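Colleague: what follows is a predicted protein model with its sequence.
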Amino acid sequence: MSLTLYYHPLASFCHKVLIALYENGTAFDKRIINLGDAADRAELESIWPLCKFPVLRDHAHVRDVPETSVIIEYLDRHYPGAAPMIPAEWDDALEVRLWDRFFDNYVQGPMQTIVDAHLTGLSCDQTRERTKLKTAYKMIEKRMATRGWMCGERFSLADCAAAPALFYASTLVPFPEEYHHLHSYFERLVTRPSVRQVLEEAKPYFSMYPFVQDIPERFL
C-alpha cells in the first residue's frame with residue numbers, strides 16, 4: 001500500500017482526513033497511534049517532531065505530509081478521486097479554504113480548549129470559548145439557509161472540517177433549537193456514508209471522551 005495514515009480513531013482532526021479518504025475510496029493503511037504509549041509516541045515523533053496526528057506517509061513519493069488541510073490537498077493532487085475536495089476554479093477554491101479554516105480555528109479550536117481544560121484539571125473561565133462557538137453557530141445558520149453544503153452543492157474540504165468540529169462541539173454547546181438550517185446541515189453531515197463510517201469506527205473509543213455522556217445515544 002502506498003499510503004499510511006498515522007492517526008487515532010477518536011481524534012477530531014483525524015476524522016477530517018478520514019472523511020476525505022473515504023469520500024474517494026482511497027486505499028491506505030492505518031497506523032493507530034496511542035500517545036500514552038512510549039513506543040507509539042516515539043514513532044510518531046520520528047515522523048513529525050511536533051508529535052501531532054494525523055500524518056500521512058506516502059511511500060511511493062517518499063514523503064511525510066502533516067496537517068489536515070495540507071494532507072487533503074495533497075491527496076487531491078497526487079491521489080485524485082471522483083470527488084475532488086478542492087474546486088479547480090480559484091475563487092471557489094478560496095471559499096472552500098476559508099471555511100475550512102473557519103471550522104478548524106473557530107469551532108475545533110474553542111472545543112479543544114474546553115476539552116483540554118477538563119482533561120488537565122484546569123479550572124478556568126470558558127465563557128470566551130463558549131461564546132466563540134455560539135457566534136460560529138450563528139454564522140453557519142445564516143450561511144446554510146441558501147446552500148446544501150458549506151460551499152455550494154458539492155461536498156468539499158470545508159465539509160470534511162465541519163463534520164467532526166460540529167459533532168464534538170455540539171456535546172459542549174448544543175445547537176440552538178431555532179437554528180433549523182444548522183440542524184439540517186448537521187444531519188446531512190452525519191448521515192453521509194463517509195462521515196457515518198468514521199463515527200462508527202470511533203464508537204469503541206467514545207468512552208475515552210470526557211463528555212461522552214453528552215454524545216447522543218444514536219452515535220453510541
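Modeller: Everything's here; your move.

Colleague: skipping its backbone neighbours, what lies nearest Gln126 in space?
Modeller: Counting by Cβ to Cβ, 6 or more residues apart in numbering, the nearest residue to Gln126 once its immediate chain neighbours are dropped is Ile114, at 5.3 Å. Placement of C-beta: from N, CA and C, glycine included.

Colleague: again with Ser2
Modeller: For Ser2, the closest residue by Cβ to Cβ, 6+ apart turns out to be Ala60, at 4.3 Å.

Colleague: surely that neighbour is in a helix?
Modeller: No. If the criterion is DSSP: H, G, I helix; E, B strand; the rest coil, then Ala60 is coil and not within a helix.

Colleague: now it, what are its backbone angles?
Modeller: phi -70, psi -40 (degrees, to the nearest 10).

Colleague: how many neighbours does it have?
Modeller: The criterion is other Cβ atoms under 10 Å. On that basis, Ala60 has 10 neighbouring residues.

Colleague: what packs against the helix or strand harbouring the residue nearest to Gln126?
Modeller: Secondary-structure element containing Ile114, defined by DSSP states H and E: helix 109-120. Taking 3 or more Cβ pairs under 8 Å, 6 or more residues apart in numbering; DSSP states H and E as the contact definition, the neighbouring helices and strands of helix 109-120 are helix 127-143, helix 157-172.

Colleague: try 10 Å
Modeller: Based on contacts counted as 3 or more Cβ pairs under 10 Å, 6 or more residues apart in numbering; DSSP states H and E, the elements that helix 109-120 packs against are helix 12-23, helix 127-143, helix 157-172.

Colleague: distance of the residue lying closest to Ser156 once chain neighbours are set aside from Arg63?
Modeller: Computed as Cβ to Cβ, 6+ apart, the closest residue to Ser156 that is not its neighbour in sequence is Val96, at 4.8 Å. Val96 sits 23 Å away from Arg63, going by Cβ to Cβ, to the nearest Å.

Colleague: more neighbours, those two?
Modeller: Ranked by neighbour count (other Cβ under 10 Å), Val96 and Arg63 place Val96 first, with 24 against 11.

Colleague: was I right to think that one contacts Cys151?
Modeller: Yes. Counting by Cβ atoms under 10 Å, Val96 does reach Cys151; the two are 4.9 Å apart.

Colleague: next, show the common contact partners of the two.
Modeller: In the contact map built from Cβ atoms under 10 Å, 6 or more residues apart in numbering, the residues linked to both Val96 and Cys151 are Pro87, Leu157, Ala158, Asp159.

Colleague: okay if I get these as a markdown table plus pLDDT and distance to Phe186?
Modeller: Supplementary listing: the shared contacts of Val96 and Cys151 in a markdown table, determined by pLDDT from 0 to 100; distance: Cβ to Cβ, whole Å:
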| residue | pLDDT | distance to Phe186 |
| --- | --- | --- |
| Pro87 | 95 | 23 |
| Leu157 | 98 | 18 |
| Ala158 | 98 | 14 |
| Asp159 | 98 | 11 |
